[in-house]
Structures are given as structure tokens and as C-alpha cells.
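[1] fold the stuff below for me.
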Amino acid sequence: MSVLILALMAGAVVGLALGGLGGGGSVLAVPALIYLLGFTPVAATTASLIIVTLTSISSLAAHARDGNVRWRSGLLFAAAGIGPAMLGGLAAGHIPATALTMAFSVTAALAAWRMLRPGRPVQDSPAEGDAVQDAPAEGDAVQDSPAEDRSVRPPRAAGSGAGLGAVTGVLGVGGGFLAVPALVGVLGLRMKTAVGTSLLVIVINSLAALATRTGTADGLDWAVIAPFTAAAILGAWDGKRLAAKISGNRLQHVFAYVLLAVAAFMLLDSLI
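    Sure, this is the predicted structure:
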């Protein structure tokens, strides 16, 4: 199978994950770039940030139109993560490839475990018939929900945002697979709203990390990255439509099982 076809197929899957789940794009893009397309771990994490940033911008626009983005909450998270993301990006080039792969797999597994824990808050998966409450009326999409804003604790939100930024910088992931449960647990957002808001966090943290990764951009294969990104953007639109048809709880569990599978494969590969 040609590299172009592999890039298109992998990009489509990454886009579906990012558009439908608000995360998972990087955690799927990195192993695809390494194991299918021959990138080194450092080059793969840098390429992944480029792909996920561009795809997230496209998907964010679609979610914002539907009122599924809480701009104030997302900006608070993202602002706290800019500094750690830049520092992490500087450190990433000095971490051995095996250690980077193991850290990536462990982080993905921990995120999946958290999402599969029993006893998650009710707002993670709104009951059928409540979906329309996730989106404000037309014309109010850019405003935060007052009910949600009252539950925000700035120190806790800022701490979570800083942690997400550090993960983005070091591991080269957008952080959506950690941002979604954090936005649900810390800010009390509903699952679909957390998905849309996480895309804002991904864009800002990824741009901050890329700003300090210019030294790792040498040797990137743009003939692979370009079709990968194009397929991911198209896939993200389909993923967004998929999210509108599936309950938040089901999305969360699909997301978690995908993360577990990827984490197990990468951990075994790094140990063998």
C-alpha cells in the first residue's frame, strides 16, 4: 500500500476522533506517523502538532456555530498551559525516543482509565432530550453559560490547564484526551460542550508547543503531512456529525477504549 494512501486513511481516522471526541487526534496520529509512515518519535510528535492544530481549527469553527464552545472557560485553561507547553517543547528534543514513547503510552492509559471509572458525574452524559441544552440559542454561541461559570474555580482550572500544557509540550499531543475529562470534572461542562471547548485548548496549547519546536522541524516529510492533514480536516467534519447522533457517555467510552488499545500497543513495542 502506498504511503499516500496510508496517510489519507490515517488522517481520516484522526479527523473522526478529533471531530467526534474532541481529542484523541494526537494520540492516534503519533503512532500512525511512527509505525505506518516511518517518522521518528520526535519528528512524529512535531508533525502531529501541525496536523492536529490545523484540524482542530476547522473542527472548532463547526462546534462554535452550534454553541458547543465555552470561550471564557477554554481560554482560562489554555492561558494557564501556554508557558508549560513552551517549556515542554524545549525539553522534548532532549528526551530519548524510548522514554518518550513509554511516557506517551502511560499518559494515554491513565486518561483512558479515568474515563472508564464508575461513578462519573451525571453531567458527563446528559439524558436523552437534554442535548439541546448544550447549545445556546442562535446568536448566543460565543457566550459562556452562567450556570456553568458559577461552578468554575480559577485556581483549580488554572492548575489543570498548566498540566495539560506541559503534556502537550513534552509529548507533542494536543491534550484533548486529557482536556475533555478535565473540562467535565473541573468545570462541570456537559460532554458535548467539553468536546467543543477542548478544541480551543488544543489549538492554543499546540501553537505554543510548536513555537519552541522549530529545531525538530528539519526533515519533516511534507508530502506525507499535507495529505494527512487534508484527510483529517475532512474526517473531523464527519466526526462532528457523528457526535450529534451519539450520547456523550457512549462517546466517552469509545474514546477510552481507543486510548487503551493504542497505549497497550505502544508500551509493548517500547519494551520488546
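[2] so how far is stretch 87-107 from its chain's centroid?
    17 Å (Cα atoms, centre = their mean, to the nearest Å).
[3] so what touches that stretch?
    Applying Cβ atoms under 8 Å, 6 or more residues apart in numbering, the external contacts of stretch 87-107 come out as 27, 30, 34, 40-42, 45, 165-173, 178, 208-213, 215-216, 262-267, 269-271. Any C-beta I mention is one placed from the backbone N, CA and C, and that applies to glycine too.
[4] and Gly11, how close does it get to Lys240?
    From Gly11 across to Lys240, the span is 16 Å (Cβ to Cβ, to the nearest Å).
[5] give me the number of residues near Tyr35?
    Number of residues near Tyr35 (other Cβ atoms under 10 Å) recorded here: 14.
[6] show me where the protein has its helices.
    Counting by DSSP state H, one finds helices in the chain at the ranges 3-21, 25-31, 41-65, 71-92, 97-116, 146-149, 154-171, 176-187, 191-211, 222-243, 248-271.
[7] mean pLDDT and mean neighbour count added to those, as CSV?
    Below are these laid out as CSV (pLDDT from 0 to 100; neighbours: other Cβ atoms under 10 Å):
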stretch, mean pLDDT, mean neighbour count
helix 3-21, 84, 23
helix 25-31, 77, 30
helix 41-65, 86, 24
helix 71-92, 86, 21
helix 97-116, 80, 19
helix 146-149, 43, 12
helix 154-171, 82, 22
helix 176-187, 78, 26
helix 191-211, 86, 28
helix 222-243, 86, 21
helix 248-271, 79, 18
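[8] for the closest residue in space to Ala12 that isn't next to it in sequence, which residues are in contact?
    In this structure, Ala12 finds its nearest non-sequential neighbour in Gly235, 4.1 Å apart by Cβ to Cβ, 6 or more residues apart in numbering. Counting by Cβ under 8 Å, 6+ apart, Gly235 touches 11-16, 18-19.
[9] if I look at Gly38, what pLDDT would I see?
    Note on Gly38: pLDDT of 88.
[10] I meant Val142, not that one.
    Listed pLDDT for Val142 reads 37.
[11] if I look at the residue nearest the centre of the chain, how far off is Ile5?
    For the chain, Gly176 is the residue whose C-alpha lies nearest the centre (Cα atoms, centre = their mean; 2.4 Å). Counting by Cβ to Cβ, the gap from Gly176 to Ile5 is 26 Å.
[12] one more: Gly89?
    Distance from Gly89 to Ile5, by Cβ to Cβ: 31 Å.
[13] equivalent analysis for Leu28, please.
    17 Å.
[14] and Val195, by the same measure?
    Distance from Val195 to Ile5, by Cβ to Cβ: 29 Å.
[15] ok, Gly11 touching Phe228?
    Yes: between Gly11 and Phe228 there is a contact at 4.1 Å, judged by Cβ atoms under 8 Å.
[16] now do the shared contacts for these two.
    With Cβ under 8 Å, 6+ apart, Gly11 and Phe228 have common neighbours Ile51.
[17] and Gly188, backbone torsions?
    Backbone torsions of Gly188, given as degrees, to the nearest 10, read phi 70, psi 20.
[18] so for it, what's the pLDDT?
    Per the predicted model, pLDDT is 81 at Gly188.
[19] just to revisit the earlier point, could you identify the most distant pair in the contacts of Gly235?
    Spatial extent of these (Cβ to Cβ) is set by the pair Gly11 and Gly19 at 12.0 Å.
[20] wait, Arg213 touches Thr46, no?
    Yes: judged on Cβ under 8 Å, Arg213 makes contact with Thr46 at a distance of 5.1 Å.
[21] residues shared between the contacts of these two?
    With Cβ under 8 Å, 6+ apart, Arg213 and Thr46 have common neighbours Gly172.
[22] circling back: is it possible to get TSV of the contacts of Gly235 that adds distance to Val258?
    Formatted as TSV, the contacts of Gly235 follow (distance: Cβ to Cβ, whole Å):
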residue	distance to Val258
Gly11	16
Ala12	14
Val13	10
Val14	11
Gly15	14
Leu16	10
Leu18	12
Gly19	14
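[23] so who does the residue nearest to Ala211 when sequence neighbours are not counted touch?
    Using Cβ to Cβ, 6+ apart and skipping residues adjacent in sequence, the residue nearest Ala211 is Met86, 6.2 Å away. By Cβ under 8 Å, 6+ apart, the contact set of Met86 is 169, 208-209, 211-212.
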